[in-house]
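In: For reference, the sequence and a predicted model appear below.
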2 protein chains.
Amino acid sequence: MPELRKDPVIGRWVIISTERGKRPSDFSGAPKRRTESKLCPFCPGNESATPPEIMAFRPDSSEPNKPGWTLRVISNKYPALRIEGDLNREGLGIFDKMNGVGAHEVIIETPDHDKDLVDLSVKQMEDLIWAYRARTMDLRKDPRFRYILIFKNQGETAGASLEHSHSQLIATPIVPKRVMEEVEGAGKYYGYKERCIFCDIIKQEVSGDERVVIQNESFISLEPFAPRFPFETWILPKKHFPAFEDIKKENIPELAAILLETLQRLAKALNNPPYNYVLHTSPVDNDYAEEYHWHIEIMPKLTRVAGFEWGTGFYINPTTPEDAAAYLREVEI
Amino acid sequence: MPELRKDPVIGRWVIISTERGKRPSDFSGAPKRRTESKLCPFCPGNESATPPEIMAFRPDSSEPNKPGWTLRVISNKYPALRIEGDLNREGLGIFDKMNGVGAHEVIIETPDHDKDLVDLSVKQMEDLIWAYRARTMDLRKDPRFRYILIFKNQGETAGASLEHSHSQLIATPIVPKRVMEEVEGAGKYYGYKERCIFCDIIKQEVSGDERVVIQNESFISLEPFAPRFPFETWILPKKHFPAFEDIKKENIPELAAILLETLQRLAKALNNPPYNYVLHTSPVDNDYAEEYHWHIEIMPKLTRVAGFEWGTGFYINPTTPEDAAAYLREVEI
């Protein structure tokens, strides 16, 4: 059983994945080679190589766990957290731990092994957002979970271990530190101003315009004022919505369009960079909901100054967000 | 002039290095090639290729900025922060920024281009610690600076842009977020228990022993209970000292010995991995000093799951610290 352990000084939880139990020699392997489609567990025809599907879109009404799907959600075969069991919170002297209980799912975005997310149609992107929403709503019902986190790693250097395009979902019994900091920061601002800080940021950015990449009626794509990484880009709903999963049906096509176009602009400007995105929604526990404002953070992996930043939380960014926004606006897609 | 900008939601400052001004095409270059010694600005004979030296150890009493040195400290030729000027704190609507004022120095650890830190003698490591101490004490006098941060990037994937072995020092007008979290966490614990949390951790680890790598009379090297990274290793003074620069002369040989041996054990167990280390000392402002406990955090770069962690602050570690400590104790050096 994996363990969740808490750093006693700063209160950060980490997952210690005891079952993976990596030895020193496991870290010095050769780089992974491109998987061929017939060996890829995410390709149609290889459904038996994965855990059974949790949900799938099957326009041809084909049988579960057989080809015919356009999008497929499965449990991660090598989960960071385990779905069975109780938390069993426990102290070890000064230290705190609990069982690594949680859900770890994989959303296979397309049956086509050779397509990246940016190659999909707006309709396929809509389906992906529907799947994110459905899985989040389902897992929110489990009282053991405090947070449902959706993210994507694109490219090996961004942490993708299989190249067939996919997103991931992790449901955790704690709220991740970065999200909790945002919730607390937004709560403090709300307490002082009685306004949402994200709404205020959007208002200022729309009037200034120099950090806006693109926008449509309901969403905005922008470079944040103090980005950690070059070309870090956020997508936010313009109106105040604390939780992603409360997105209205009629807004899903607009979100699909702006996410796809933003990723396409990044891909074109930066020559298909590896990237990560995370969807920050409000915690399951609703106490904070009114002050929070969900959004997507896209982080291209362009720079290598990683360990120093990990050790200090202090980032050096060689590209101004104003320059990055201008490049992204001007690129032809 | 670089800028320091503050994220309005979570309060994290970043350095926007406007002068480096990287364009999209700057990110897709080929990997850097090994620099030859005669082209290396850190090699003896090439002193004129660097800014003039701030200090150097010259056992032969040779002239400044000429060969003969065994350790040399210079300003970074491409500094992330600029030493001249005032902070000029300023608001831009909801946002906050200030000038990127600070010091950015490079400590060249050896004249020998082909030696890594682990190849140095204990005497050379002692000199390095003396240099860290001297530069920290000097920069603490500048009233603009709130933190003096010493760190090392070893290997290209850990962010080292020149392979000649060196450490860096950055003096900043703000306290880095991670350090501030530790200071606040330690302060909270002290307020509750009237004891230092790091002292309590050391006491528990010494009695349990399963996460201890090595120790000598004054220092301990251990795997923390909740490490973010496999083989993350901390070195702490066993007695309570808030600030590194208050280290006693007679303790420097012991620190040199334990740092060198710890790095050698990591190098042997993990086949010379790229790594970063950061020295966490107390902020210049002494308000918190009594509750803090300085230490060095060493982070081998073995895993690639970077962007997800950047986006959430939530780390998945595939090696237990108990296993890592056992491997490091057993390795023959």
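Out: That came through fine. This is a predicted model, so every value here is computed, not measured. Numbering: from 1, shown residues only, chains lettered A, B, ... in the order given.

In: For chain B, what's its nearest residue on the stretch 151-300 of chain A.
Out: Here the stretch 151-300 of chain A gets closest to chain B at one residue, A:N276, 2.8 Å apart by Cβ to the nearest Cβ. (C-beta placed from N, C-alpha, C; glycine too.)

In: residue ranges with poor pLDDT in the stretch 151-300 of chain A?
Out: A:286-289 (pLDDT under 70).

In: can I see the domain layout of chain A?
Out: Residue ranges for the domains of chain A, per automatic domain parsing: A:3-18+A:35-176, A:178-330.

In: now, of those, which is deepest in the fold?
Out: Among the domains of chain A, the stretch with the highest mean neighbour count (mean count of other Cβ atoms under 10 Å in any protein chain shown) is domain A:178-330, at a mean of 20.

In: Return the distance of the residue lying farthest from the centre of chain A relative to A:N99.
Out: No residue in chain A sits farther from the centre than A:G93, which is 34.8 Å out by Cα atoms, centre = their mean. A:G93 is 19 Å from A:N99, where distance means Cβ to Cβ, to the nearest Å.

In: related to what we said a few turns ago, specify the stretch among the domains of chain A that is closest to B:H164.
Out: When the domains of chain A are compared by Cβ to Cβ, domain A:178-330 sits nearest B:H164, at 17.6 Å.

In: First-to-last residue distance for that closest one?
Out: 32 Å (Cα to Cα, to the nearest Å).

In: circling back: the residue of the stretch 151-300 of chain A closest to chain B looks like it's in a strand, true?
Out: Yes - secondary structure of A:N276 (DSSP: H, G, I helix; E, B strand; the rest coil): part of a strand.

In: Could I get the contacting residues of it?
Out: A:151-154, A:158-159, A:298-299, A:301, B:306-308, B:310-311 (Cβ atoms under 8 Å, 6 or more residues apart in numbering or on different chains).

In: could you pull out the strands for the stretch 101-250 of chain A?
Out: Secondary structure of the stretch 101-250 of chain A (DSSP state E, counting those that start in this stretch): strands at A:103-108, A:147-154, A:166-172, A:212-215, A:219-222, A:233-237.

In: Within the sheet, what are the partner strands of the last one, with directions?
Out: Strand A:233-237 has its sheet partners listed here by DSSP bridges as strand A:219-222 (antiparallel), strand A:295-300 (antiparallel).

In: I'd like these laid out as a markdown table, including distance to A:E105.
Out: What follows is these, written out as a markdown table (distance: least, Cβ to Cβ, whole Å):
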| stretch | distance to A:E105 |
| --- | --- |
| strand A:219-222 | 25 |
| strand A:295-300 | 18 |
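
In: Tell me which of those strands sits nearest to B:R140.
Out: strand A:295-300 (34.6 Å).

In: and that closest one, how far from the chain's centre?
Out: 8 Å (Cα atoms, centre = their mean, to the nearest Å).

In: Stretch A:94-111 too?
Out: With Cα atoms, centre = their mean, you get 13 Å for stretch A:94-111.

In: Also stretch A:271-291?
Out: 7 Å.

In: Tabulate the strands of the stretch 101-250 of chain A (CSV), appending distance to A:D200.
Out: As requested, the strands of the stretch 101-250 of chain A are arranged in CSV below (distance: least, Cβ to Cβ, whole Å):
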stretch, distance to A:D200
strand A:103-108, 33
strand A:147-154, 25
strand A:166-172, 29
strand A:212-215, 15
strand A:219-222, 13
strand A:233-237, 12
